[in-house]
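[1] Quick one, fold the following:
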Amino acid sequence: MRNALIRYRVMAYVVGVLLIVLVCVGLPLKYVWHDGSVVNVTGIAHGWLYMLLIITAIDVGRRARWTWWRLLAIALAGTVPFVTFVAEHYATKDVKAKLAWNAAHPTEPEAVIADPQA
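    Numbering: from 1, shown residues only. Model (predicted):
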């Protein structure tokens with residue numbers, strides 16, 4: 001589960017930064033100075049990488065046994081500037097707590113939430 005969390009965190013930061021650049025730099029350039037080049041590049045990159053963020057969120061969510069509501073909230077967080085970082089913080093906090101609990105209770109069979117190969 002640790003590697004899945006790392007993949008998710010990297011994608012969350014990349015998508016979050018691209019969204020901030022798109023909204024705070026690209027849109028003013030497009031609508032004030034009529035230069036849409038930043039929007040074209042960052043918009044396409046954000047769209048494709050957002051799909052990878054969703055895939056990595058589903059991967060870590062499946063391993064951490066998150067509810068579908070939590071996954072939906074994480075997916076929506078990738079569409080609002082700065083909220084991606086908040087969602088990533090709480091997701092990381094939850095997964096690290098589950099990993100710590102798994103490490104403290106290794107002999108209980110129902111305690112195995114994480115995939116040891118991931």
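[2] quick one: buried residues of stretch 29-41?
    30, 38-39 (16 or more other CB atoms under 10 Å). Bear in mind the C-beta positions are built from the backbone N, C-alpha and C, glycine included.
[3] burial measure for the residue nearest to A12 when sequence neighbours are not counted, as a count.
    With CB to CB, 6 or more residues apart in numbering as the criterion, A12 has its nearest non-adjacent residue at 3.9 Å, and that residue is E88. Other residues within reach of E88, judged by other CB atoms under 10 Å, total 24.
[4] how about the helix or strand containing E88: buried residues?
    Per DSSP states H and E, E88 falls inside helix 83-104. By 16+ other CB under 10 Å, the buried positions in helix 83-104 come out as 83-84, 87-88, 91-92, 94-95, 98-99, 102.
[5] circling back to that earlier point, tell me the spacing between the residue nearest to A12 and V60.
    11 Å (CB to CB, to the nearest Å).
[6] Sort out which one of the buried residues of stretch 29-41 lies nearest V23 for me.
    Nearest to V23 among the buried residues of stretch 29-41: V39, at 9.8 Å, using CB to CB.
[7] Next up, the contacts around that closest one.
    Shown in contact with V39 (CB atoms under 8 Å, 6 or more residues apart in numbering): 22, 26-27, 29-30.
[8] how big is the angle separating the helix or strand containing it from helix 83-104?
    Take DSSP H and E as the rule and V39 turns out to sit in helix 37-64. Going by axes from the mean of the first three to the mean of the last three CA atoms, to 10 degrees, helix 37-64 is angled at 20 degrees with respect to helix 83-104.
[9] hmm, back to that, which one of the contacts of V39 is nearest to M51?
    The nearest member of the contacts of V39 to M51, counting by CB to CB, is L22 at 15.5 Å.
[10] so who does the nearest residue to the closest one once chain neighbours are set aside touch?
    Spatially, and ignoring its direct neighbours in sequence, L22 is nearest to T42 (4.4 Å; CB to CB, 6+ apart). Neighbouring residues of T42 by CB under 8 Å, 6+ apart: 18, 21-22, 25-26.
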